[in-house]
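**Q** Everything below, folded, please.
(chains A and B)
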Number of protein chains: 2
Amino acid sequence: MERFELHILGCGSALPTTRHFPASQVLNVRDKLFMIDCGEGAQIQLRRSRLKFSRLNHIFISHLHGDHCFGLLGLVSTFGLLGRTADLHIHAPAGIGELFAPMLNFFCNHLPYKVFFREFEADEPEVIYTDRSLTVTTIPLKHRLPCCGFLFSEKQRPNHIIREMTDFYRVPAYELNRIKNGADYMTPEGEVIPNARLTRRADPTRRYAYCSDTIYLEGVTDQIKGVDLLFHEATFSQEDSSRAKETFHSTAEQAAKIAQAAGVKKLMIGHFSARYEDEAVLLNEASAVFPHTILAKETLCVQV
Amino acid sequence: MERFELHILGCGSALPTTRHFPASQVLNVRDKLFMIDCGEGAQIQLRRSRLKFSRLNHIFISHLHGDHCFGLLGLVSTFGLLGRTADLHIHAPAGIGELFAPMLNFFCNHLPYKVFFREFEADEPEVIYTDRSLTVTTIPLKHRLPCCGFLFSEKQRPNHIIREMTDFYRVPAYELNRIKNGADYMTPEGEVIPNARLTRRADPTRRYAYCSDTIYLEGVTDQIKGVDLLFHEATFSQEDSSRAKETFHSTAEQAAKIAQAAGVKKLMIGHFSARYEDEAVLLNEASAVFPHTILAKETLCVQV
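**A** This is a model prediction of the structure:
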């Protein structure tokens, strides 16, 4: 299986603590790095996680609260000092360019590379990135200002050719692409060799969904049905559910209900409020509803 | 002696490493905290140093490079979340208000306290802060853009009254202030009691000078003569002195020469380039010229 793994750089919320950095993650898909949110200190945590800066070309910002984007200035600046030349794309809700451009122009002038702000509207799901192996779709959430999660979906890969079999049947090279994509092969003598004898099925595709920050929102389950890993914010415990509602955040129990309703394979909770000295209370609450739950933690790396 | 101590929050330079945060320090003078520079992560380090956020009302920014001020947004935002109501004053070279105000207005709206940008010109020494016990004066430096260090000088306190002696001579209460300030006392009988019999001298005043970032600049020695502690940047080693000159930074040897010429009591070097895995090379270089040299280090606390 090719690499598809999630690194947690920070899983605290607005108020950083000695235990948690603000929100930031990196998804490594076949050695391309995708950053999700970029709270203060993200570049420091990126370095601690020993991830290669040069493999990061796309950053996805869920919403314009400081704990999700204050790390951008330092990151962009550091990339410049490291002599980066490749374009950097920052995908974010509309408005980010106007806010950050004056600061970047002043503090990061003469960058040896270009920064592009790719703004999206947060009201409808939208494919905002695609490459040979991956698409990224926004997941509209409900927070105090426009906010989207992100769904990272691996594309179905063609089947693998079984070289011994195609050699045996003397399959000409120009037929290989059709066979990879599922076609049977007919020999010059008119014998049909079924595709299943010539190929091994490609690995199943994997999906990762990031949902933060949001009030409890049942509507998201449609879009994230059966994903391999769901990160859902769990800022509060059920005891503080009125506070969660007030601030448009979720409780650990609510995160677990979403995971259950969507039938995901695994749930990771994070974006912890500073008030919980020990997040075991959040883990227990979520696990009671959805057993396959884990706690996010700085420098944790999980296979999706 | 009342408290006068320096906490190092970060002593790296533009490129953060896993060992060093960018520039930030806190000077604690009689339990009032003064922050000097505010690189990314300063609020996290402030918390790690267990310093009380509420005692910090003044921040001094040496110059408008990101590694000296990118931590401001997160710090201001966190102070708001903590319910701060006291004014916060940010002293910095001209231009900071125009740059940061739009970001603060967007990300930190509805703050329960006020932020004031107190801009100074960086070409002449200027007293930019004064209270009952302290003055802060800018130290013009020479960097790639306007930049000042800061001289923190304790004010001379009045002498201490020796209560047993003033009682013995039946000194009336209204005379005490004059005596504290050095006057002798004349009894009703005309006997002159010299001040030295009535008072103990106040503790000697202490001074801390912060010089970062700057090219080697002999001119600063006049202003920092004999200070108790000098922090001087030592971004490079002498081997990289041409790089130091090019980028308007100092070498460790140059920092030590300044300390020697100014006859300071102790030198601390910092603002280390990321290229030095082990700063012992910088310490050795400086100590050869000025033996009372120490290396800055995150969460280090020294008495001035």
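
**Q** CA atoms for contacts and neighbours, from now on please.
**A** Fine.

**Q** residues touching the single nearest residue of the stretch 101-250 of chain A relative to chain B, list them.
**A** Here the stretch 101-250 of chain A gets closest to chain B at one residue, A:F107, 6.1 Å apart by Cα to the nearest Cα. Going by Cα atoms under 8 Å, 6 or more residues apart in numbering or on different chains, A:F107 touches A:77, B:64-66.

**Q** okay, those residues in TSV with distance to B:G41 next?
**A** Putting those into TSV (distance: Cα to Cα, whole Å) gives the following:
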residue	distance to B:G41
A:S77	15
B:L64	16
B:H65	15
B:G66	12
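
**Q** most neighbours, which of those?
**A** Neighbour count (other Cα atoms under 10 Å in any protein chain shown) singles out B:G66 as the most crowded of those, with 23 neighbours.

**Q** Spell out which residues of the stretch 51-200 of chain A are next to chain B.
**A** Residues of the stretch 51-200 of chain A lying close to chain B by Cα under 8 Å from any Cα of the partner chain are A:64-67, A:70-71, A:73-74, A:77-78, A:81, A:99-100, A:102-103, A:107.

**Q** Now go through the residues you listed and say which are in helices.
**A** Among these, the members found in helices (DSSP state H) are A:66-67, A:73-74, A:77-78, A:81, A:99-100, A:102-103, A:107.

**Q** Need the buried ones from these selected in PyMOL.
**A** Selection of buried members from those for PyMOL, criterion 16 or more other Cα atoms under 10 Å in any protein chain shown:
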select buried, chain A and resi 66+67+73+74+77+78+100+102+103+107
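
**Q** Let me know the closest of the ones in helices among the residues of the stretch 51-200 of chain A next to chain B to A:E40.
**A** Comparing those against A:E40 with Cα to Cα places A:D67 closest, at 6.7 Å.

**Q** pretty sure the closest one is in contact with A:G39, am I right?
**A** Yes. Counting by Cα atoms under 8 Å, A:D67 touches A:G39, with 4.8 Å between them.

**Q** Name the residues contacting each of these two.
**A** In contact with both A:D67 and A:G39: A:22-23, using Cα under 8 Å, 6+ apart.

**Q** OK, contacts around the closest residue to A:P204 other than its chain neighbours?
**A** Ranked by Cα to Cα, 6 or more residues apart in numbering or on different chains and with sequence neighbours excluded, the top spatial neighbour of A:P204 is A:Q156, at 7.3 Å. Taking Cα under 8 Å, 6+ apart, we find A:Q156 in contact with A:133, A:202, A:204-205.

**Q** How about A:E253?
**A** By Cα under 8 Å, 6+ apart, the neighbours of A:E253 are A:234, A:237-238, A:282, A:285-286, A:289.

**Q** What is the burial count for A:R201?
**A** 13.

**Q** Contacts only, for it.
**A** A:158-160.

**Q** Could you report the pLDDT at it?
**A** We have a pLDDT of 89 for A:R201.

**Q** same thing with A:R157?
**A** Value for A:R157, per-residue pLDDT: 86.

**Q** what about it, which SS state?
**A** coil (DSSP: H, G, I helix; E, B strand; the rest coil).

**Q** That one: what's its closest spatial neighbour, skipping adjacent residues?
**A** The shortest distance from A:R157 to any non-neighbouring residue, by Cα to Cα, 6+ apart, is to A:A202 (5.9 Å).

**Q** count of neighbours near the one you found?
**A** 14.

**Q** That one against A:H160, yeah?
**A** Yes. The pair A:A202 / A:H160 is scored as a contact, 6.1 Å apart, by Cα under 8 Å.

**Q** What is the burial count for A:E189?
**A** Residues lying near A:E189 (other Cα under 10 Å) number 6.

**Q** Please enumerate the strands of the stretch 151-300 of chain A.
**A** In the stretch 151-300 of chain A, the segments counted as strands under DSSP state E, counting those that start in this stretch are A:160-161, A:185-186, A:192-193, A:199-200, A:207-211, A:229-233, A:267-270, A:293-295.

**Q** Correction: the previous question concerned the stretch 1-150 of chain A.
**A** Using DSSP E, counting those that start in this stretch, strands in the stretch 1-150 of chain A cover A:4-10, A:24-29, A:32-38, A:56-60, A:88-93, A:115-120, A:127-130, A:134-140, A:148-154.

**Q** What lies in contact with the first one?
**A** Taking contacts as Cα under 8 Å, 6+ apart, the residues outside strand A:4-10 that touch it are A:20-30, A:39, A:42, A:45-46, A:49, A:206, A:296-304.

**Q** go with 6 Å
**A** Under the criterion Cα atoms under 6 Å, 6 or more residues apart in numbering or on different chains, residues A:21-29, A:45, A:298-304 lie in contact with strand A:4-10.

**Q** ok, now the third one?
**A** The contact list for strand A:32-38 (Cα under 6 Å, 6+ apart) reads A:24-27, A:55-56, A:58-61, A:68-69, A:71-72.

**Q** again, only using 7 Å
**A** Residues outside strand A:32-38 that contact it (Cα atoms under 7 Å, 6 or more residues apart in numbering or on different chains): A:23-28, A:55-56, A:58-62, A:68-72.

**Q** Nearest to chain B: which residue in the stretch 201-304 of chain A?
**A** Closest residue of the stretch 201-304 of chain A to chain B, Cα to the nearest Cα: A:A274 (11.1 Å).

**Q** about what we covered before: farthest-apart pair in the contacts of A:F107, please.
**A** Longest span within these, Cα to Cα: A:S77 and B:L64, 13.2 Å.

**Q** can you list the domains in chain A?
**A** Listed domain ranges for chain A are A:4-157+A:203-303, A:160-200 (source: automatic domain parsing).

**Q** so can I have JSON lines of these showing distance to B:L141?
**A** Shown next, in JSON lines, are these (distance: least, Cα to Cα, whole Å):
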{"stretch": "domain A:4-157+A:203-303", "distance to B:L141": "19"}
{"stretch": "domain A:160-200", "distance to B:L141": "65"}
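
**Q** deepest of these, which one?
**A** Compared across the domains of chain A, domain A:4-157+A:203-303 shows the largest average neighbour count, a mean of 20 (mean count of other Cα atoms under 10 Å in any protein chain shown).

**Q** measure it end to end?
**A** Length of domain A:4-157+A:203-303, first residue to last, Cα to Cα, to the nearest Å: 6 Å.

**Q** Stretch A:230-245 now?
**A** The first-to-last residue distance of stretch A:230-245 comes to 21 Å (Cα to Cα).

**Q** Distance from the chain centre to that stretch, please.
**A** When distances are taken as Cα atoms, centre = their mean, to the nearest Å, stretch A:230-245 is centred 21 Å away from the chain's centroid.

**Q** that older thread, ok, of the contacts of A:Q156, which one's closest to B:C11?
**A** Using Cα to Cα, those come closest to B:C11 at A:S133, 41.9 Å.

**Q** Would you mind measuring from the closest residue to the closest one other than its chain neighbours to A:R207?
**A** Of all residues not flanking A:S133 in the chain, A:K155 sits nearest, at 5.0 Å (Cα to Cα, 6+ apart). Per Cα to Cα, A:K155 is found 9 Å from A:R207.
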